[in-house]
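**Student:** here are the coordinates; sequence isn't available:
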């Protein structure tokens, strides 16, 4: 089956969603970048909070995805620094280890939402929809191809190769990342 060239997300505005992802795990950054670009986003990646802050100073992003535990500047510090210059961005904090009080603190510092690891592609897509809605002030319109099974199998193959091993694509399409 040929892969559709249409983005998975049909934005309510004509411009692509500009997304900044910061994580100190290169494999996670690659997966975010592949999925977000497949979803029709323009993606910038950073390996720590300081790089994310610098990238956002150069180009204000519509959505910022930050891991909590990063070297140089952690996710909490990056939220505050980015929020000073970019009040409109949808900031999503991701964490595999944060407790309830740490996550609540992130919301107080300016995060719009928190996503705990592991997460599914459907959960990430919901946050993309929220970011686009915040940017445009209108509800996001999803195309009929915006179903979790519409993600190209090549993306799942990369996920398998990097994180899981050589299992069948169908076995991992609903697994958490």
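**Tutor:** Received the coordinates, thanks. What you are looking at is a predicted structure, and each value in this text was computed from that prediction instead of being measured.

**Student:** Run through this structure and note the low-pLDDT ranges.
**Tutor:** Applying pLDDT under 70 to the chain flags residues 1-14, 98-99, 139-177.

**Student:** quick one: the strands in it?
**Tutor:** 9-10, 18-22, 42-46, 63-67, 90-95, 113-116, 141-142 (DSSP state E).

**Student:** Mind giving me the packing neighbours of the longest one?
**Tutor:** Looking back up the chat, that one is strand 90-95. strand 63-67, helix 75-85, helix 100-109, strand 113-116, helix 121-136 (3 or more CB pairs under 8 Å, 6 or more residues apart in numbering; DSSP states H and E). C-beta: built from backbone N, CA, C; applies to glycine.

**Student:** Neighbouring strands of it in the sheet, and parallel or not?
**Tutor:** Neighbouring strands of strand 90-95 in its sheet, by DSSP bridges, are strand 63-67 (parallel), strand 113-116 (parallel).

**Student:** Deepest in the core, which of the helices and strands packed on strand 90-95 is it.
**Tutor:** Highest mean neighbour count of the helices and strands packed on strand 90-95: strand 63-67, a mean of 27 (counted as mean count of other CB atoms under 10 Å).

**Student:** Next, the contact list for residue 82, please.
**Tutor:** By CB atoms under 8 Å, 6 or more residues apart in numbering, the residues touching residue 82 are 52-53, 56, 64, 89, 91, 110.

**Student:** re earlier: in TSV, list the helices and strands packed on strand 90-95 along with distance to residue 20.
**Tutor:** Below are the helices and strands packed on strand 90-95 laid out as TSV (distance: least, CB to CB, whole Å):
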stretch	distance to residue 20
strand 63-67	5
helix 75-85	8
helix 100-109	16
strand 113-116	15
helix 121-136	11
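
**Student:** Out of those, flag the one nearest residue 39.
**Tutor:** Closest to residue 39 of those, according to CB to CB: helix 121-136, at 6.2 Å.

**Student:** if we can go back for a sec, for the strands paired with strand 90-95, could you give me TSV that also reports distance to residue 125?
**Tutor:** Shown next, in TSV, are the strands paired with strand 90-95 (distance: least, CB to CB, whole Å):
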stretch	distance to residue 125
strand 63-67	12
strand 113-116	11
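
**Student:** Disregarding residues adjacent in the polypeptide, which is nearest to residue 116?
**Tutor:** Among residues not flanking residue 116 along the chain, residue 95 sits closest, at 6.2 Å (CB to CB, 6 or more residues apart in numbering).

**Student:** Would you mind confirming that that neighbour makes contact with residue 103?
**Tutor:** Yes - Residue 95 lies in contact with residue 103 (CB atoms under 8 Å); the separation is 7.0 Å.

**Student:** Identify the contacts common to these two.
**Tutor:** Joint contacts of residue 95 and residue 103 (CB under 8 Å, 6+ apart) are 114, 116.

**Student:** Kind regards, and thank you for your time.
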